[in-house]
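Novice: One predicted model, sequence on top.
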Amino acid sequence: MLLIHCPYCEETLPEAEFTYAGQAHIIRPENPSGQTDDQWEEFLFIRANPKGPHYERWRHFHGCGRFFNAVRDTVSDKFLTTYKAGAPRPDLSTLLPEGQK
Amino acid sequence: MSEYRVSGKGRVDAARPVSFSFDGKTFSGLKGDTVASALLANGVHLMGRSFKYHRPRGAVAAGSEEPNALIGTRRGPGRFEPNTRATVQEIWDGLQTNSQNKYPSLKFDVGAVNDAAYMLFSAGFYYKTFMWPKNFWHKVYEPFIRAAAGLGVSPTEEDPDHYASRYLHCDVLIVGAGPTGIAAAKAAAVDGLKVVLVDENAEAGGTLLSEPQAQIGGKPAWDWLASELAALKDAGVRIMTRTTAIGYYHQNMIGMVEKLTDHLPTLPKDTPRERMWRVRAKRVVLAQGALEKPLVFHGNDRPGVMLAGSAQTFLNRYGVLVGRKPIVLTCHDSAWYAAFDLSDAGAKVQAIVDTRESVPQALLDGAQSRGIPVKLSHTASGTSGRLRVNALRVNTIRSGHVEGGQNIACDAVLTSGGWTPSLHLFSHTQGKLAWDDDKTTFLPDVTPEDCLIAGASRGLWGVEAALNDGAEKGRESVAALGKTGADATYAVENDRPGTGVTHRELPTDLNPGRAKAFVDYQNDVTAKDLRLAVREGMRSIEHVKRYTTNGMATDQGKMSNINGLNIAADALGKKQPQVGLTTFRPPYTPTSFGAFCGYHRGDHFEVTRKTQIDAWAEENGAVFEPVGQWRRAWYFPKAGEDMEAAVRRECVATRKSVGIFDASTLGKIEVVGPDAVEFMNRVYTNPWTKLAVGRCRYGLLLGDDGFIRDDGVIARVAEDRFHVTTTTGGAARVLNMMEDYLQTEWPDLNVWLTSTSEQWSTIALNGPNAAKLLQPFVKDLELTEETFPHMSCTELEVAGMPARLWRVSFTGEIGFEVNVPAPMGRKLWETLWEAGQQYGITAYGTETMHVLRAEKGYIIVGQDTDGTVTPDDCGLGWAVGRKKPDFVGKRGLARPDLVTKGRKHLVGLLTEDKSKLEEGAQIVFDPNQPLPMTMVGHVTSSYTSDAVGQPIALALVAGGQDKMGETVYIPMPDRTIAAKITPMVFVDPDNTRLKI
């Protein structure tokens, strides 16, 4: 079971308290009706499937209830960092160990 | 004293005989024996039949890696377990055990005909043999395979034991309490650090229990062990025996199963049989040791052929000679020591046969001083004996050539093909392995976890090396925690480190194509099978494994993986690392389902949510159905009524007078705040701005893809406050979705969301007399069409209780929903029930609710919709506020596929023959078309309806809204049913019955 740091509670807690909520940094357009079919398809369906660091959303469901963002390595499953919703993407080069940058 | 028991040897208690049974016969052993050691003490080697060929088999090993000696154990009524390893199960007075895979008896087994027909059962036989003719599968092959497959017999009674689970947090967890683990624990037990030392065996000590000759720091091994364990306990180390670390999970969480009662003749009260430990350790030291490899040669599975190290264990730990006239066959020094120990204990060792040309002089001297004949540069090409080995066929190897064989009589063959480090838990961590050419095995490389691996499990042989490496890794572990570990250096006399060489199949003078040289004993896989798999095109070890089933048995290839890899690599002409190693997966040893289930069985399997009115329903004979985690009253049968009769009565009574229904399970969310109305506008399809305080509206919730997610009636309680209801099963999902949009897309909106599902008891009254019944309990409000029209809501007192009263209907009748604080629910229910007697009030359950709503064409999200249905598809286009600039799903509704012609529409169906359709039945337009037919939809809801006078159904049908009055067909196994497409509303389409 993974240990996950909630950036709102500022505590590292067991995975069982959290739920996964899909890829992060997908912004719902201001005016969806102005979107072309292709743009809307991109927003709705097209997701990254990286081998390595993945930006994703988690919710501290059985805790504070807040959604937050994380960078998790899909190979090792390890969380590289977590950060509050709305904060900018962290710089991968500061997160990855030497040799993986 | 039995024939094979050596007095003065072993850790068993000679003063405490124990009597147990095996296949109905009573045997005597000693306290401290396992079933295997006790049987061997009685000269019994034959303990089971093999899985595929039903070949006679005996114990090969002395520990949990044992592949052959699998037995059924009965520990009293209901307490039967198949596939227990006889080498692990401790004996006690009255224990009943039996052998497996035999019919009619272990000594004479008809299934052994498979052995003669072995050509049929070679690698990949499942794929080759049972493919044709096709119609043989059901009647011939499958019953045969089912009867023959599987190890042992499943228990038939419910398990009366209970199983526990616990969490444990510690600073250092050490897996394996052999010399490595003990030294690591000693080094780590400083400064009050919480250190846990676990071992799967009944007692700690590991290899020291089998090597009493070693002198550690001048002390005999067993004296050292006793004082060291006592010292560890004094230092606060928690030592857990009979506890297997079964898996290593993320971030140093280790699963461990502790066996608490299987070794006890009487069960202590309230003690669980097993306990699952979930351990979170800051640091882990893996000291699992190494497992001995068998040698691969013709007849190497005959009872009496076993691992030399295990024979040494049976002698030194249990005081049992596995044979009086053993012969040793080896390519490694360690087996020589087993020969010496057995010889010193009175056995007449027939010979030491070693494939190597030379061995250390000390070994030759040891053999000579004991008068043991030595045969270097020799191999073995077969064994003989029916149910037990009686001779080994031995051949000289001269300059690479194997000469003719010579039989040497014996009553046991002790083999050693070297040792394999135990890397199971290390591999669970996604630790990388590195091939070591010298040792011809994989060794641990790096792991992402905070974990060190020590001793024999990283290829260090001998007690001294193990102790010093354990101490070093213990100190390293505590250094990582900022502490200084205890310093210790160990010197060991009479140590037996040893080296050896590695073989694939032993060289032979006979045709290898006819050899039954087993690699995987439990799955009956031979060397020939592995080579055949390669010839037939398998290239990766993962394919070879699956084609031959090598390493796929319950022992997970503890003995067979490396031998299998060596042979496959040779057949492929590649180096082992290029062929790869199969993945080790948890659990390390077979684990009971009970240990995984823990407390979650029976009533505790999952939470059952009950409303405040549930007890009344139970007292009044309700039959219940699960809805999500809720249990809901399904219907209330009267004496002699079946479900259909009860539901029909409830439906008729509700439409005729008044029915009462517990709607408390509906999801409820309070949406509050200055921006509440804006939030509602964005989340639900409907427009909310103009909804007046005191009014309700049916709300429809879509995903951004445009498909229906949920629905429910929503009341505007105040300008800034909405009382939202959701479907019973959708409450948590809807709140999660609302929170998601609010927190991450519209954090600027000033809105709070609160789940109030369990705060309210909700009682629905429906029927022509509903208003009359309710009126006396409502002061200050006239329940008339003018003062409280349909879709009104208000806050007031009902029967003296604070309430939110809604005038809504899910039946098409005059309807009210009274929400009162949850604990008052039953009081209100009983008040209304009593007052309703004058109207013949009828309690109804979810089935009647379903019928009444279907008669009105009201949908159930998740039954009539399936995640691909739009509002227009089910006639709810009127609920979509198309003029709003945006709402969740608005853009989705304009997607090309959602506006296309021919989508499936929800429509009504009336069958021509007035039969009731089956929910889920497929629909076609043309019943005479050739197979396979084009399916154009399915029945989503179907009920008997007295109000309509015939059964009704709702169905999704392609283009259905444009096919009113047309006939569709529902092909069933026995006949095809014709049905007419109708509007969804079957009863009172003009809603006249809603009026007071």
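Specialist: Structure's in. What do you need?
Novice: May I have the phi/psi pair for the nearest residue to B:T244 once chain neighbours are set aside?
Specialist: Computed as CB to CB, 6 or more residues apart in numbering or on different chains, the closest residue to B:T244 that is not its neighbour in sequence is B:E200, at 4.1 Å. Placement of C-beta: from N, CA and C, glycine included. As for B:E200, its main-chain torsions (degrees, to the nearest 10) stand at phi -80, psi -20.
Novice: ok, B:E200 touching B:T87?
Specialist: No. Using CB atoms under 8 Å, B:E200 is not in contact with B:T87, being 11.5 Å away.
Novice: Who are the contact partners of residue 77?
Specialist: With no chain named, the answer covers chain A. A:2, B:250 (CB atoms under 8 Å, 6 or more residues apart in numbering or on different chains).
Novice: ah, I was thinking of chain B
Specialist: B:P77 touches B:157, B:160, counting by CB under 8 Å, 6+ apart.
Novice: before we move on, back to that, can you pull the residues that touch both of B:E200 and B:T87?
Specialist: Contact criterion CB under 8 Å, 6+ apart; residues shared by B:E200 and B:T87: B:S64.
Novice: any idea how far the residue nearest to B:T244 lies from chain A?
Specialist: Counting by CB to the nearest CB, to the nearest Å, the gap from B:E200 to chain A is 23 Å.
Novice: what about the nearest residue to B:M240 once chain neighbours are set aside, distance to B:P587?
Specialist: Leaving aside its chain neighbours, B:M240 sits nearest to B:V198 (4.5 Å; criterion: CB to CB, 6+ apart). Relative to B:P587, B:V198 is positioned 14 Å away (CB to CB, to the nearest Å).
Novice: In terms of neighbours, single out the busier of those two.
Specialist: For B:V198 versus B:P587, the count of surrounding residues by other CB atoms under 10 Å in any protein chain shown is larger for B:V198: 24 against 18.
Novice: Need phi/psi at the more buried one.
Specialist: phi -120, psi 150.
Novice: so what's it up against?
Specialist: Residues in contact with B:V198 (CB under 8 Å, 6+ apart) are B:173-177, B:239-241, B:243-245, B:256.
Novice: next one: B:D161
Specialist: By CB under 8 Å, 6+ apart, B:D161 lies in contact with B:79, B:261, B:272-274, B:594.
Novice: Now do the SS call for B:D990.
Specialist: Three-state assignment for B:D990 (DSSP: H, G, I helix; E, B strand; the rest coil): coil.
Novice: what's next to stretch B:818-826, contact-wise?
Specialist: In contact with stretch B:818-826 (CB under 8 Å, 6+ apart) are residues B:611-613, B:615-616, B:662, B:664, B:723, B:758-765, B:774, B:798, B:801-806, B:828.
Novice: try it again with 6 Å
Specialist: Applying CB atoms under 6 Å, 6 or more residues apart in numbering or on different chains, the contact partners of stretch B:818-826 are B:612-613, B:616, B:759-763, B:798, B:801, B:803-805, B:828.
Novice: any idea whether the spatially closest residue to B:R85 that is not a sequence neighbour is helix, strand or coil?
Specialist: Of all residues not flanking B:R85 in the chain, B:E66 sits nearest, at 4.5 Å (CB to CB, 6+ apart). For B:E66, the secondary structure call by three-state DSSP comes out as coil.
Novice: neighbours around whatever residue of chain A ends up closest to chain B, how many?
Specialist: At 3.6 Å from chain B, A:P32 is the closest residue in chain A, using CB to the nearest CB. Other residues lying near A:P32 total 21 when counted by other CB under 10 Å.
Novice: what do you get for B:G192?
Specialist: Applying other CB under 10 Å, we find 10 residues neighbouring B:G192.
Novice: how about it, secondary structure?
Specialist: Applying three-state DSSP: B:G192 is coil.
Novice: What is the neighbour count of the nearest residue to B:A214 once chain neighbours are set aside?
Specialist: Nearest non-adjacent residue to B:A214, counting by CB to CB, 6+ apart: B:A221, 4.3 Å away. Residues lying near B:A221 (other CB under 10 Å) number 23.
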